[in-house]
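Enquirer: pasting the structure only:
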């Protein structure tokens with residue numbers, strides 16, 4: 001429920017998102033620094049919710 005409350009404003013107007021080639025280097029298939037940072041941030045947020053019993 002916590003995540004819904006946090007993101008409910010995006011339900012009607014979700015972010016457009018990015019294409020694969022905007023998130024990854026097509027030569028190495030490694031994520032870009034921006035995408036890696038976003039992934040790390042979201043993973044930590046979900047982990048913290050689980051540890052605190054809010055998920």
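Expert: Good, I have the coordinates. Keep in mind that what you see is a predicted model, and the values were worked out from it rather than measured.

Enquirer: From here on, just use CA atoms for contacts and neighbour counts.
Expert: OK.

Enquirer: Could you point out the longest helix of the chain?
Expert: Counting by DSSP state H, the longest helix found in the chain is helix 33-51.

Enquirer: for it, the distance to its chain's centre please.
Expert: 7 Å (Cα atoms, centre = their mean, to the nearest Å).

Enquirer: can you give me the mean pLDDT across it?
Expert: Rounded to a whole number, the mean pLDDT of helix 33-51 is 93.

Enquirer: mind checking how far the most centrally placed residue in the chain is from residue 36?
Expert: To find the centre residue of the chain, average its C-alpha atoms and take the closest one (Cα atoms, centre = their mean): that gives residue 42, at 4.7 Å. Noted for residue 42: a distance of 10 Å to residue 36, by Cα to Cα, to the nearest Å.

Enquirer: Same check on residue 2?
Expert: With distances defined as Cα to Cα, the gap from residue 2 to residue 36 amounts to 24 Å.

Enquirer: ok, now residue 44?
Expert: On the measure of Cα to Cα, residue 44 and residue 36 end up 12 Å apart.

Enquirer: Over to residue 3?
Expert: 21 Å.

Enquirer: tell me, how many neighbours does the residue nearest to residue 31 when sequence neighbours are not counted end up with?
Expert: Once flanking residues are discounted, residue 31 sits nearest to residue 24: 4.2 Å by Cα to Cα, 6 or more residues apart in numbering. Counted by other Cα atoms under 10 Å, the residues lying close to residue 24 total 17.
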